[in-house]
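Colleague: Build me a structure from this.
(chains A, B, C and D)
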There are 2 protein chains.
Amino acid sequence: MEIGQRAGSGRKRMSRAEREQQILGIAEEVFAERGYQAAAMDDIAQRVGLSKPMLYEYFGSKEGLLLACLERAKRELLECTSAAAAHAESPEQLLHDGLLAFFRFGEDHKQSWALLRNESAVPGMELDTELEGIRRQQVGFTSDMLRMSLPETDEYRLEAFAEAIIGACERMALWRENHPEVTPETATEHLMALIGPSLSGEARSFS
Amino acid sequence: MEIGQRAGSGRKRMSRAEREQQILGIAEEVFAERGYQAAAMDDIAQRVGLSKPMLYEYFGSKEGLLLACLERAKRELLECTSAAAAHAESPEQLLHDGLLAFFRFGEDHKQSWALLRNESAVPGMELDTELEGIRRQQVGFTSDMLRMSLPETDEYRLEAFAEAIIGACERMALWRENHPEVTPETATEHLMALIGPSLSGEARSFS
DNA sequence: GCAAGTAACCTACTCGTAGTAACCTACTGA
DNA sequence: TCAGTAGGTTACTACGAGTAGGTTACTTGC
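Modeller: Residues are numbered from 1 along each chain as shown, chains lettered A, B, ... in the order given. So this is what the prediction gives:
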């Protein structure tokens, strides 16, 4: 069957961990700039300077590769926001700093953000366990911040609030893309104006 | 080249408009149950009882077909919410009724909702003009509701609030899928508790 | 009633890309 | 020095989006 075999001759061999990180970086780049569908595995492999089957060896499938990228990006985002909120001095400022860090993340890590904003472009089930775990962490982290402001509130409502706030953030981040004049500071200020009042004082009940 | 040609013999011919609606219905079904990627044009065509090229004749591409489905679903959603809000008697109730209608939509139109919740699964640019137009309408409609509660507020902030609230709704609707015990009424109550306070009285400013 | 025109529809392809089988080679350590 | 293995390859298959080019059935003017 005449199989040629000179291709890898001059190339550098890397350890699994090294390659994994290198691939993730390049894949994030390609996914971010072309979108999930249009990004071809062959293309990614070529940019890495490797052949396609290696990508499958490392990540199992195209979806698996995307998932790994998303996971890394999400973790980064979570780290940014929680780090920023670490030195807050009041519950209110805690939330404020977290929001601000979130909006700044989009500007400081354009590539990761481009990936995350299209997250749902992942094809089949987004019920990936690993990813869901990080999502839970986000919600948990947000709930924790809220608990400072609303100590008497039941957990269920806290979680609902957390989901709502995360959703609001995501959508506002998207909105900001069409309105470059809206700075992270302004966006944060708007959001604080919307949800701030309910956090200072008892949340009222409408039934 | 021996081209066969008995396939359409017993089938009904339909006018363009008729077929279009029929195709949209079935495509929505297939997209909703399998997701965008996994849905095959051949499969949709077969269920319609038509051959694939006709789908391309009518909608240009797979993405075009999805877009048409989304458009219809979004219009339905907008109609539901605006109809529900029509008989409200106070600004507060206006918002309440709109939110409630939104959450109920997910239960009453499961199929359309399944489509909308995966909206971003549309591959390339989601900058489709038609779709963007409907999105603007949603934001506009929400802004209008808010304007009743916050007559003195500048338009920019109203739009920001609208985007944030829509985002919060979407995310809470997703959250509800993992928590079937949360009724539309409860979800609405949570959201009203979160954003209600800032709508009654002057929105404060954090700087 | 019968062309001529057109709207609706078909079969049979091409082509790109995800994923796989089967094989190779450089480095490691006993 | 050579067995074992981690890292790598080429050359496929499978499948689905999109297309070229032809056919059937309905409509309309004469």
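Colleague: Next, name the residue at the spatial heart of chain A.
Modeller: Residue closest to the average C-alpha location in chain A (CA atoms, centre = their mean): A:Lys74, at 3.1 Å.
Colleague: Grab the nearest non-local neighbour of that one.
Modeller: Using CB to CB, 6 or more residues apart in numbering or on different chains and skipping the chain neighbours, the partner closest in space to A:Lys74 is A:Ile134 (4.6 Å). To be clear about C-beta, it is placed using only N, CA and C from the backbone, and glycine gets the same treatment.
Colleague: what ranges of chain A fall below the confidence cut-off?
Modeller: Scanning chain A for pLDDT under 70 picks out A:1-12, A:120-128, A:201-207.
Colleague: Mind doing that once more with 80?
Modeller: Chain A contains residues with pLDDT under 80 at A:1-13, A:118-131, A:200-207.
Colleague: ranges for the helices of it?
Modeller: With DSSP state H applied, chain A shows helices at A:16-34, A:41-48, A:52-59, A:62-85, A:91-108, A:110-117, A:129-149, A:155-178, A:184-199, listed in chain order.
Colleague: how far out from the middle of the chain is the third one?
Modeller: This means helix A:52-59. Here helix A:52-59 is found 24 Å from its chain centre; the criterion is CA atoms, centre = their mean, to the nearest Å.
Colleague: That one to helix A:62-85, inter-axis angle?
Modeller: Counting by axes from the mean of the first three to the mean of the last three CA atoms, to 10 degrees, helix A:52-59 points 50 degrees away from the direction of helix A:62-85.
Colleague: near DNA strand D at all, helix A:52-59?
Modeller: Yes - contact of helix A:52-59 with DNA strand D (CB under 7 Å from any atom of the strand) involves A:Lys52, A:Pro53, A:Met54, A:Glu57.
Colleague: any idea which of those has the most stuff around it?
Modeller: Per-residue neighbour counts (other CB atoms under 10 Å in any protein chain shown) across the residues of helix A:52-59 next to DNA strand D peak at A:Lys52, which has 15 neighbours.
Colleague: distance of the closest residue to that one other than its chain neighbours from B:Leu70?
Modeller: Leaving aside its sequence neighbours, A:Lys52 sits nearest to A:Ala45 (CB to CB, 6+ apart; 4.5 Å). From A:Ala45 across to B:Leu70, the span is 33 Å (CB to CB, to the nearest Å).
Colleague: what do you get for A:Ala173?
Modeller: The gap separating A:Ala173 from B:Leu70 is 21 Å, by CB to CB.
Colleague: ok, these two, which is more surrounded?
Modeller: Comparing A:Ala173 with B:Leu70 by other CB under 10 Å, the one with more neighbours is B:Leu70, at 23 against 20.
Colleague: For that one, give me its contacts.
Modeller: B:Leu115, B:Leu116, B:Glu119, B:Val122, B:Leu131 (CB atoms under 8 Å, 6 or more residues apart in numbering or on different chains).
Colleague: and A:Glu28, how many residues sit next to it?
Modeller: Quick note: A:Glu28 (other CB under 10 Å) scores 22 neighbours.
Colleague: burial measure for A:Glu18, as a count.
Modeller: Look at A:Glu18: counted by other CB under 10 Å, it has 11 neighbours.
Colleague: same thing with A:Met41?
Modeller: As a burial measure, A:Met41 scores 17 neighbours (other CB under 10 Å).
Colleague: quick one on the thing from earlier: I'd like to know which of the residues of helix A:52-59 next to DNA strand D is nearest to DNA strand C.
Modeller: Closest approach between the residues of helix A:52-59 next to DNA strand D and DNA strand C, by CB to the nearest atom of the strand: A:Pro53, at 4.0 Å.
Colleague: and the gap between that closest one and A:Leu191?
Modeller: Look at A:Pro53 and A:Leu191: by CB to CB, they are 46 Å apart.
Colleague: re the thing from before, might one say that the residue nearest to the centre of chain A is in contact with A:Glu130?
Modeller: No - A:Lys74 lies out of contact with A:Glu130 (CB atoms under 8 Å); the separation is 9.7 Å.
Colleague: ok so, going back, isn't the residue nearest to A:Lys74 up against A:Glu71?
Modeller: Yes - in this structure, A:Ile134 is within contact of A:Glu71 by CB under 8 Å, at 6.5 Å.
Colleague: What is the neighbour count of A:Glu107?
Modeller: Residue neighbour count, defined by other CB under 10 Å, stands at 11 for A:Glu107.
Colleague: ok, and the closest non-adjacent residue to it?
Modeller: Spatial nearest neighbour of A:Glu107, excluding adjacent residues (CB to CB, 6+ apart): A:Pro184 at 6.8 Å.
Colleague: Return the set of buried residues in stretch A:17-28.
Modeller: Neighbour counts over stretch A:17-28 (16 or more other CB atoms under 10 Å in any protein chain shown) mark A:Arg19, A:Ile23, A:Leu24, A:Ile26, A:Ala27, A:Glu28 as buried.
Colleague: That stretch near DNA strand C at all?
Modeller: No - under the criterion of CB under 7 Å from any atom of the strand, DNA strand C is not reached by stretch A:17-28; the shortest gap measures 11.6 Å.
Colleague: so how far is that stretch from its chain's centroid?
Modeller: 17 Å.
Colleague: any residues touching that stretch, and which ones?
Modeller: With CB under 8 Å, 6+ apart as the criterion, stretch A:17-28 contacts A:14, A:39, A:44, A:47-48, A:50, A:54-55, A:58-59, A:65-66, A:68-69, A:72-73, A:111-112, A:115.
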